[in-house]
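Asker: Sequence and predicted model, in that order:
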2 protein chains.
Amino acid sequence: MAGGARDLGRSVTSRVLDILGAFDAHHSRLTLTEIAGRTGMALSTVHRLVAELEEWRALRRGADGRYQIGRRLWELGQLAPDPLQEVAHPWLQELFGGTGENVHLAVRDGVEVLYVDKVYGKRAVPIVSRTGSRLPMHPTGVGKALLAFEPGWFVGSYLSRPLERPTPHTITEPGRLARELAQVRAQGYATTHEEMTLGSCSAAAPVLVGDRPVAAVGIVVSSRRVRELPRLVDPLLAVAARIAGDYRAAVARA
Amino acid sequence: MAGGARDLGRSVTSRVLDILGAFDAHHSRLTLTEIAGRTGMALSTVHRLVAELEEWRALRRGADGRYQIGRRLWELGQLAPDPLQEVAHPWLQELFGGTGENVHLAVRDGVEVLYVDKVYGKRAVPIVSRTGSRLPMHPTGVGKALLAFEPGWFVGSYLSRPLERPTPHTITEPGRLARELAQVRAQGYATTHEEMTLGSCSAAAPVLVGDRPVAAVGIVVSSRRVRELPRLVDPLLAVAARIAGDYRAAVARA
DNA sequence: GCTTTGCTTCTACTGAGTGGAAGAAGGGGT
DNA sequence: ACCCCTTCTTCCACTCAGTAGAAGCAAAGC
């Protein structure tokens, strides 16, 4: 770009991408002014770039004047290959059919879990992990299942960071969490009890390939039904093992 | 931008978006040269812009050197609101559970159907309509179910265009297709017999809101199992009606 | 009517973007 | 090993497209 920029050397591309990056699970609908605030760009710059994004249907302006991600980006996103999700999905469906519970698949991305798939029906669950959304590892079933099987240096590094505390039940004391993770490793699955969301507990099993956790399968249920968690463990473990096997085969074939 | 451009007055934003737009269901993995060809931009321009998109993780370069849509766009895409899909999904899950067949939901976009959701398990189906992909209306079950209930001018306009012919069974003669659509309207659902893909047939029911088709629910089965189509009709119609009712309520609430 | 918020439009100002060309890299054929 | 072809990757002469402050408009709330 040219003349008068607040940040010299800043490309248009990076600005456009920053605008897109302003949207996330907690900020899925934004006004022009909010986008400008989140990106640090001048309102008129944002206005111009957003107009172009809207014309291309990357963004869409709702009736309330707020911008949202448009369908065209959803269409594009569907093209992103995910061999793991493709292999896992039918098994998630089986797990859903066998347990009647909503089922999700998550992977580790950095120090968070990223939900990459979900099979759900009409049963309401206290927290609905959206595909594409991220949560911390230590208070979530899938996060614990993943974390427990990471290398020791990673676990140590994770434990040395300040851990957020979504609920009073969240385990944030490193020693206690380390013991929890050791138990997860010993039993092969993880559980949580109102650690992420009050009123929710969960069970999750890691998808281990070569002893490395490439994903985790999880089920969240209402705390009122916590007694049902144990019956979910075996199906979870079975499906996780199946996914691991199929994924291993798929990777070997590629 | 500046000096030496092939197209004067062309913004960087539009170039970046064109690069993203170069990817579609039939071109999901592209070399740099192919992207340049599809966008009409110089190779070095594409190289530069693509590098930035890759850095941001909008694009990802595979082991074969080809670029693909990256996960970050998938994450963004998940933020695109789709009230219809959200309302419909649990019902699709019910339909899957009740029939054992893979189920999909499609909407009309322009003169094509766009697949916006799918519930599937381990059963292989001759054609797998990917969510986010598009197909012509006239040879697909969902397409016919949608087309039949569009306004007369739209149907007339659609029939006046040259209709592609994916298989020898595709109905492309306007008069015959019009009669087919009249039958769909009379019976309330559509079927296809190897019109889109050899070896596949389908049934589909429209989701009608105020007599307007806002979506269609469909099931594709192998032609070897064409005898099973009639048993799918009632569940399809029932689910379509349920979706319509829920969607109507959701829209009224907004 | 006044104030606040959120745009929408304008324009003086200038730095960022383009693409042809050369060279590098990789793969296949002889 | 050498040659040819394809696909990048890098460079730089050239120049036009992009920025953002400010003014004005529009809508909502008090």
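Answerer: Received, thanks.
Asker: pLDDT weak spots in the stretch 101-250 of chain A?
Answerer: A:126-128 (pLDDT under 70).
Asker: ranges for the helices of the stretch 1-150 of chain A?
Answerer: Ranges of helices in the stretch 1-150 of chain A, per DSSP state H, counting those that start in this stretch, are A:12-21, A:32-39, A:43-55, A:71-78, A:83-99, A:141-147.
Asker: Name the stretch from those helices that approaches chain B most closely.
Answerer: helix A:71-78 (2.7 Å; C-beta to the nearest C-beta). Bear in mind the C-beta positions are built from the backbone N, C-alpha and C, glycine included.
Asker: ok and the closest one relative to helix A:43-55, angle-wise?
Answerer: Helix A:71-78 runs at 70 degrees relative to helix A:43-55, counting by axes from the mean of the first three to the mean of the last three C-alpha atoms, to 10 degrees.
Asker: Determine if any part of helix A:71-78 is in contact with chain B.
Answerer: Yes: interface with chain B: helix A:71-78 contributes A:71, A:73, A:74, A:75, A:76, A:77, A:78 (C-beta under 8 Å from any C-beta of the partner chain).
Asker: Can you name the residue of the stretch 101-250 of chain A nearest to DNA strand C?
Answerer: residue A:250 (23.0 Å; C-beta to the nearest atom of the strand).
Asker: helix or strand for that residue, which one?
Answerer: Secondary structure assigned from DSSP states H and E places residue A:250 in helix A:229-253.
Asker: Could you pull out the buried residues of that helix?
Answerer: A:229, A:232-233, A:235-244, A:246-248 (16 or more other C-beta atoms under 10 Å in any protein chain shown).
Asker: again, but for stretch A:76-89
Answerer: Counting neighbours by 16+ other C-beta under 10 Å, one finds that the buried residues in stretch A:76-89 are A:76, A:77, A:78, A:79, A:80, A:81, A:84, A:85, A:87, A:88, A:89.
Asker: now the nearest residue to the second one once chain neighbours are set aside: how far from residue B:28?
Answerer: Nearest residue to residue A:77, sequence neighbours excluded (C-beta to C-beta, 6 or more residues apart in numbering or on different chains): residue B:77, at 2.7 Å. Distance, residue B:77 to residue B:28, using C-beta to C-beta, to the nearest Å: 14 Å.
Asker: Next up, the contacts around the residue sitting nearest the centre point of chain A.
Answerer: The centroid of chain A falls nearest to residue A:114 when counting by C-alpha atoms, centre = their mean (2.2 Å). Applying C-beta atoms under 8 Å, 6 or more residues apart in numbering or on different chains to residue A:114 gives the contacts A:106, A:107, A:108, A:132, A:133, A:134, B:75.
Asker: Check residue A:230 too.
Answerer: By C-beta under 8 Å, 6+ apart, residue A:230 has no neighbours at all.
Asker: Tell me how far residue A:135 lies from residue A:146.
Answerer: 11 Å.
Asker: ugh, wrong one, residue A:134
Answerer: Taken as C-beta to C-beta, the span from residue A:134 to residue A:146 is 13 Å.
Asker: hang on, the earlier thing: any residues in contact with both of residue A:135 and residue A:146?
Answerer: In contact with both residue A:135 and residue A:146: residue A:113, using C-beta under 8 Å, 6+ apart.
Asker: And these two? Which one has more around it.
Answerer: residue A:146 (25 against 20; other C-beta atoms under 10 Å in any protein chain shown).
Asker: residues contacting the more buried one?
Answerer: A:106, A:107, A:108, A:113, A:137, A:206, A:213, A:215, A:216.
Asker: Of those residues, which are in range of chain B?
Answerer: Okay, of those, nothing touches chain B (C-beta under 8 Å from any C-beta).
Asker: Return the entry from those residues with the maximum number of neighbours.
Answerer: residue A:216 (32 neighbours).
Asker: Is it correct that it is in contact with residue A:145?
Answerer: Yes: counting by C-beta atoms under 8 Å, residue A:216 touches residue A:145, with 4.0 Å between them.
Asker: Please identify every residue contacting each of the two.
Answerer: A:190, A:204, A:205, A:206.
Asker: Just name the closest of those residues to chain B, please.
Answerer: Comparing these against chain B with C-beta to the nearest C-beta places residue A:205 closest, at 19.2 Å.
Asker: Assess the claim that the closest one and residue A:188 are in contact.
Answerer: Yes: between residue A:205 and residue A:188 there is a contact under C-beta under 8 Å: 6.9 Å.
Asker: shared neighbours of the two, anything?
Answerer: residue A:237.
Asker: Save the contacts of residue A:114 as TSV, and put in distance to residue A:224 too.
Answerer: TSV is the format used below for the contacts of residue A:114 (distance: C-beta to C-beta, whole Å):
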residue	distance to residue A:224
A:106	24
A:107	29
A:108	30
A:132	28
A:133	24
A:134	27
B:75	32
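Asker: Mind putting these into a markdown table with distance to DNA strand C?
Answerer: Below are the contacts of residue A:114 laid out as a markdown table (distance: C-beta to the nearest atom of the strand, whole Å):
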| residue | distance to DNA strand C |
| --- | --- |
| A:106 | 34 |
| A:107 | 30 |
| A:108 | 31 |
| A:132 | 24 |
| A:133 | 24 |
| A:134 | 26 |
| B:75 | 24 |
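Asker: Specify which member of those is nearest to residue A:119.
Answerer: residue A:106 (13.0 Å; C-beta to C-beta).
Asker: Pretty sure residue A:168 sits in a helix.
Answerer: No: with DSSP: H, G, I helix; E, B strand; the rest coil as the criterion, residue A:168 is assigned coil and is not in a helix.
Asker: Could you report the separation of it from chain B?
Answerer: 30 Å (C-beta to the nearest C-beta, to the nearest Å).
Asker: go on, residue A:177?
Answerer: 27 Å.
Asker: State the number of residues packed around that residue.
Answerer: Neighbours around residue A:177, by other C-beta under 10 Å: 21.
Asker: helices or strands up against the helix or strand encompassing it?
Answerer: Using DSSP H and E, residue A:177 maps to helix A:174-187. Judged by 3 or more C-beta pairs under 8 Å, 6 or more residues apart in numbering or on different chains; DSSP states H and E, helix A:174-187 is in contact with helix A:141-147, helix A:152-159.
Asker: neighbouring contacts of the longest one?
Answerer: The list of residues contacting helix A:152-159 from outside it, by C-beta under 8 Å, 6+ apart, reads A:111, A:137, A:138, A:147, A:148, A:150, A:174, A:177, A:178, A:181.
Asker: Excluding sequence neighbours, find me the nearest residue to the second one.
Answerer: Using C-beta to C-beta, 6+ apart and skipping the chain neighbours, the partner closest in space to residue A:137 is residue A:143 (3.2 Å).
Asker: Quick one: name whatever helix or strand follows the helix holding residue A:177.
Answerer: That would be, after helix A:174-187 and using DSSP H and E, strand A:190-193.
Asker: Quickly run through the sheet partners of whichever helix or strand comes after that following strand, with directions.
Answerer: On the C-terminal side of strand A:190-193, the nearest following helix or strand under DSSP H and E is strand A:200-209. Using DSSP bridges, the strands paired with strand A:200-209 are strand A:190-193 (antiparallel), strand A:212-222 (antiparallel).
Asker: what is the orientation angle of strand A:200-209 with helix A:229-253?
Answerer: Using the same axes, to 10 degrees: strand A:200-209 against helix A:229-253 is 30 degrees.
Asker: Show me what counts as buried in strand A:200-209.
Answerer: Result for strand A:200-209 [16+ other C-beta under 10 Å]: buried residues A:200, A:201, A:202, A:203, A:204, A:205, A:206, A:207, A:208, A:209.
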